[in-house]
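> Sequence and computational prediction follow.
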Amino acid sequence: MALLLKTHLELAKASLKRNKARSFLTCLGISIGVAAIILILSLMGSIETLIKTQVSNIGSDLIVVRPSVERDTVSKIVDELTSSSAYLKSNLTLEDVKTIKNLENIESVAPLAISVNALSGDNAVPSATVVGTTPDFIKIQNFSLKSGTFLSDSLKTNAAVIGSNLANTLYGTAEPIGKTLTLLGTKFFVVGVLSEIDDPINFNNLDLDNSLFVDAEKLAVTAGSLQIQQINIRAKTTDSLDKTVENIKDSLRLANSGDANFSVSYGDQITHPAGSLLSIISGVLSIVAGISLIVGGIGIMNIMLVSVSERTHEIGIRKAVGASGSNILLQFLFESLILSLFGGILGLVLGYGLAFAVCLVTPFDPYLSWEILLTTFITALSVGLIFGLYPALKAANKNPIYSLKFFR
Amino acid sequence: MPDEKETIIKLEGLTKKYGFREAESFALNNFDLTVKRGEFIMIMGPSGCGKTTLLNVIGLLDTATSGTYFLNGEPVNRIKSRKKARVRSKKIGFIFQNFNLIPDLPIIENVALPLVYSGFHKTRRLLRASETLERFNLKDKEYYMPYQLSGGQQQRAAIARAIVSKPEIILADEPTGNLDSHSSHIVMEELKRIHSEGNTIIMVTHNPNLTSYATRVINMLDGGIDTDIKTVEDSDLPEPVVVRNRRKKTSKKQKPALPNLRRSKKKKLKKRGKR
């Protein structure tokens, strides 16, 4: 059996060699699909690793409270991410922030009430991210200020801290301390500018370089209401983090009359919404890549059908000298498997090449793993098998007498 | 009985029907034939009388509509296609009018083709093919492509392919049909040589001049036998030199005992022995 398989492999290789250009082009069809999958998986892996690194850099004592219950199923995640009113559903309040702050083992608590508003300083910005938070935010998030100071208990009213990029956009300078800006008709003074962070993808879903930070209570008054999308909490010690989390859950449930429309996460769970978003994006992109893979597979099928048709006479001769239907089937199946395998390898190289190229201009590192390699290998072989089976069966079922009479 | 020759092919009431109802026609009509080992049968007859169909049925490329076909005493017309292929690869060699060499393969690989399906290693295949080509004075053309050879040389290569796996039966469908008289003569001499080594040859031809090579001439008409003339007595037919796959005749006692090995190892040893 092994000898027969080896022989079929040799035959398949030989016949593919005879049509090098055609074989290469067929491989290319598969390799584009595989490259797209590799690129997506690699980039998604990079982003996820990046977020995990951020979270671990911030510390294992970080706890995050988010509105709504934990999303488990894909449909819920889709619902969460696609619903335009998702932010409006938040039932977290500043009272909840105070409740948490008074709990045991809590070092600092910072709400993130994110909204998009028009700002006007020296220049006007039609839509900027405005974050209502508390002075504790800087204690939880390890970032530094380029100049000035962050919000503090004594510097709460009408004080604003600005991200470095936004400062440039709004004032044309990186040093706008003391300048004023107007948000929803209220004047704010710039008291601090953040150092450039260049971390647009993070667990806060917030581009800090392009955000404006004001006191949450002041923002509530200015805007009339406040929607808190996240509460970041730093615990004093990590020893009893589970207990702390349970305490937070219990007290929030108590404060909300027994409702539990929130989730409390820590450690790796924190990356969940970002991970969910990535899952959706990678899912959609994978579908697109899958379509290109199917197109590649159809290419294989098409070429194999042409090959079967062209080689009908050869099939007749082989059958006359003793080839059985399964011999012919294996020969053609091996051809399509070789095509798809080479396409897969080419796609792997191409995909990682592209991933490296993308990583040169983005903050990610290319992500390599044996799972991706295995996925590629299995995907490529499956495509070869699925799309090669029909032509191979067609070849195997050819009538030898008819085939012998068939000439190119 | 003095020197009774073994029957290799027996056809009983073989019928091959094409078409339905009004379009129905019979390529073979209740055809009976017994072929002894070592016969050189020349089948003649007008076009459409069923000669090629008969050859295809004997060669297990086609199946008769009704009737029974015994090959070496075993009915084979209803066996599975996989087994038919195995029989073709080991017991039957085909020679065609238009040579039917695969144009993309060099001559040596064309000749070695039947051995691919008999489970030979590549080296052994090519070695055997090379030896066979040497018999036909084509050794220096081993790595030529078919289109680089003359018609006569191509047909000799095709004959080499037909005998490379040492089959018992050679079926030739107008092997000289596309050749000039000189090449025809060479090809017929080759077939004569193969026959003298004890092979059974059934050949279809339109050329009455070639009947001198045959030991039996059958004239077909409308799917049946018109005349059947034996020019050589059965007792004068050549003795087979080597006939493969006749191990059935050796009793279990005569078989060399294999040491107590695992079954797979035994199989391997048996295979090696076979080659």
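Great, that's in hand. Quantities reported herein were computed from a predicted structural model and do not represent experimental measurements.
> Show the residue spans covered by the strands in the chain.
Went with chain A since none was named. A:62-67, A:106-120, A:124-133, A:145-148, A:159-162, A:180-183, A:186-194, A:211-215, A:230-235, A:262-266 (DSSP state E).
> looking at chain B here, not the other one
Under the criterion DSSP E, strands of chain B are mapped to B:7-18, B:25-36, B:40-44, B:66-71, B:74-75, B:92-95, B:169-173, B:200-204, B:216-221, B:224-230.
> Mean neighbour count, distance to chain A and mean pLDDT for these - can I get that in JSON lines?
No exception for glycine: its C-beta is placed from N, CA and C like everyone else's. As requested, the strands of chain B are arranged in JSON lines below (neighbours: other Cβ atoms under 10 Å in any protein chain shown; distance: least, Cβ to the nearest Cβ, whole Å; pLDDT from 0 to 100):
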{"stretch": "strand B:7-18", "mean neighbour count": "17", "distance to chain A": "11", "mean pLDDT": "91"}
{"stretch": "strand B:25-36", "mean neighbour count": "18", "distance to chain A": "12", "mean pLDDT": "90"}
{"stretch": "strand B:40-44", "mean neighbour count": "23", "distance to chain A": "17", "mean pLDDT": "93"}
{"stretch": "strand B:66-71", "mean neighbour count": "17", "distance to chain A": "15", "mean pLDDT": "92"}
{"stretch": "strand B:74-75", "mean neighbour count": "11", "distance to chain A": "18", "mean pLDDT": "89"}
{"stretch": "strand B:92-95", "mean neighbour count": "27", "distance to chain A": "5", "mean pLDDT": "92"}
{"stretch": "strand B:169-173", "mean neighbour count": "24", "distance to chain A": "10", "mean pLDDT": "93"}
{"stretch": "strand B:200-204", "mean neighbour count": "25", "distance to chain A": "14", "mean pLDDT": "93"}
{"stretch": "strand B:216-221", "mean neighbour count": "19", "distance to chain A": "18", "mean pLDDT": "92"}
{"stretch": "strand B:224-230", "mean neighbour count": "13", "distance to chain A": "21", "mean pLDDT": "88"}
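> a markdown table for those, including distance to residue A:378?
Formatted as a markdown table, the strands of chain B follow (distance: least, Cβ to Cβ, whole Å):
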| stretch | distance to residue A:378 |
| --- | --- |
| strand B:7-18 | 48 |
| strand B:25-36 | 50 |
| strand B:40-44 | 55 |
| strand B:66-71 | 46 |
| strand B:74-75 | 45 |
| strand B:92-95 | 42 |
| strand B:169-173 | 46 |
| strand B:200-204 | 51 |
| strand B:216-221 | 58 |
| strand B:224-230 | 60 |
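> Leaving out sequence neighbours, find the closest residue to residue A:90.
residue A:67 (3.8 Å; Cβ to Cβ, 6 or more residues apart in numbering or on different chains).
> Quick check, pLDDT for residue 82.
Since no chain was named, I'll use chain A. As predicted, residue A:82 sits at a pLDDT of 55.
> switch to chain B, that's the one I care about
For residue B:82, the pLDDT comes out at 88.
> How about the contacts made by residue 18?
Chain wasn't specified; assuming chain A. Neighbour list for residue A:18: residue B:104 [criterion: Cβ atoms under 8 Å, 6 or more residues apart in numbering or on different chains].
> hmm, I had chain B in mind actually
B:24, B:25, B:26, B:27.
> Quick check: it vs residue B:111, distance?
In this view, residue B:18 and residue B:111 are 34 Å apart by Cβ to Cβ, to the nearest Å.
> Any chance you could list what contacts stretch A:194-209?
Outside stretch A:194-209, the residues within contact range by Cβ under 8 Å, 6+ apart are A:47, A:50-51, A:54-55, A:64, A:112, A:114, A:129, A:131, A:141, A:143-146, A:161-166, A:229-230, A:232, A:270-271, A:273-274, A:277, A:363.
> which of those residues count as buried?
In these, burial by neighbour count holds for A:47, A:50-51, A:54-55, A:64, A:112, A:114, A:129, A:131, A:141, A:146, A:161-166, A:229-230, A:232, A:270-271, A:273-274, A:277, counting by 16 or more other Cβ atoms under 10 Å in any protein chain shown.
> and chain B, which of those contact it?
With Cβ under 8 Å from any Cβ of the partner chain as the criterion, the buried ones among the contacts of stretch A:194-209 include none near chain B.
> sorry, back to before: could you single out the most deeply buried of the strands of chain A?
Mean neighbour count (mean count of other Cβ atoms under 10 Å in any protein chain shown) peaks for strand A:159-162 among these, with a mean of 26.
> Name the strands paired with that one and say parallel or antiparallel.
strand A:186-194 (parallel), strand A:211-215 (antiparallel) (DSSP bridges).
> I figured residue A:407 was touching residue A:311, is that so?
No - in this structure residue A:407 lies outside contact range of residue A:311 using Cβ atoms under 8 Å: 11.5 Å.
> Settle it for me: which of the two has more neighbours?
residue A:311 (23 against 7; other Cβ atoms under 10 Å in any protein chain shown).
> Look at the more buried one and report its pLDDT.
pLDDT, read off for residue A:311, is 90.
> cool, and residue B:269?
Value for residue B:269, per-residue pLDDT: 48.
> cool, residue A:362 as well?
Residue A:362 carries a pLDDT value of 75.
> gap between the residue in the stretch 201-350 of chain A positioned nearest to chain B and residue B:97?
Of all residues in the stretch 201-350 of chain A, residue A:322 sits closest to chain B, at 2.3 Å by Cβ to the nearest Cβ. Distance, residue A:322 to residue B:97, using Cβ to Cβ: 20 Å.
> okay, the two: which has more neighbours?
Shown here are residue A:322 and residue B:97; by other Cβ under 10 Å, residue A:322 has more neighbours (26 against 18).
> who's in contact with that one?
By Cβ under 8 Å, 6+ apart, residue A:322 lies in contact with B:85, B:86, B:88, B:89, B:90, B:114, B:117, B:118, B:165.
> If we use 7 Å, what do you get?
Residue A:322 makes contacts with B:85, B:88, B:89, B:114, B:117, B:118, as judged by Cβ atoms under 7 Å, 6 or more residues apart in numbering or on different chains.
> Ok, which of the strands of chain A comes nearest residue B:183?
Closest to residue B:183 of these is strand A:262-266 (Cβ to Cβ; 87.4 Å).
> Nearest spatial neighbour of residue A:15, chain-adjacent residues omitted?
Nearest-residue entry for residue A:15: residue A:335, 6.2 Å, with adjacent residues in sequence omitted and distances by Cβ to Cβ, 6+ apart.
> how much space between the nearest residue to residue A:229 once chain neighbours are set aside and residue B:107?
In space, and not counting its chain neighbours, residue A:229 is closest to residue A:114: 5.1 Å by Cβ to Cβ, 6+ apart. Distance, residue A:114 to residue B:107, using Cβ to Cβ: 78 Å.
> repeat for residue A:187
When Cβ to Cβ is the yardstick, residue A:187 and residue B:107 sit 95 Å from each other.
> ok, now residue A:143?
Separation of residue A:143 from residue B:107 (Cβ to Cβ): 78 Å.
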